[in-house]
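Peer 1: 3D, please:
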Amino acid sequence: MSYHYSMVIQWSEEDQLFLVHLPEFPWQQFHIHGRTYEEAAKNGQEVIETFVEMLLEENQPLPEPRMLPEKPLLVA
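Peer 2: Sure, this is the predicted structure:
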């Protein structure tokens, strides 16, 4: 199943890995990562699916997905 949640993927020089942050799940207690950008994105999607399944099983509300502004962003 596909969920529309955000992932922020950043390269970490220190760890030599791509690290994944899930803004809609600020309580995540571990770091998601991958050796490649694609692996990090895949791992992030798997964790999102796990979080959603867990919340649904516990009858907890799902976080609201972050939405981009409806107006286009102007870049200076």
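Peer 1: C-alpha from now on. contacts and neighbour counts both.
Peer 2: Noted.
Peer 1: Show me which positions of the strand or helix carrying Met54 end up buried.
Peer 2: Met54 is located in helix 37-57, with elements delineated by DSSP states H and E. Using 16 or more other Cα atoms under 10 Å as the test for burial, helix 37-57 gives 37, 40-41, 43-45, 48-49, 52.
Peer 1: Please report phi then psi for Val8.
Peer 2: With angles defined as degrees, to the nearest 10, Val8 sits at phi -110, psi 120.
Peer 1: can you pull the contacts of it?
Peer 2: Neighbour list for Val8: 20-23 [criterion: Cα atoms under 8 Å, 6 or more residues apart in numbering].
Peer 1: chain center to stretch 9-19: distance?
Peer 2: 15 Å (Cα atoms, centre = their mean, to the nearest Å).
Peer 1: what's it in contact with?
Peer 2: With Cα under 8 Å, 6+ apart, stretch 9-19 has contacts from 20-21, 31-37, 40-41.
Peer 1: let's see it at 10 Å
Peer 2: Stretch 9-19 is contacted by residues 7-8, 20-22, 31-41, 44 when judged by Cα atoms under 10 Å, 6 or more residues apart in numbering.
Peer 1: Quick check: end-to-end length of that stretch?
Peer 2: 6 Å (Cα to Cα, to the nearest Å).
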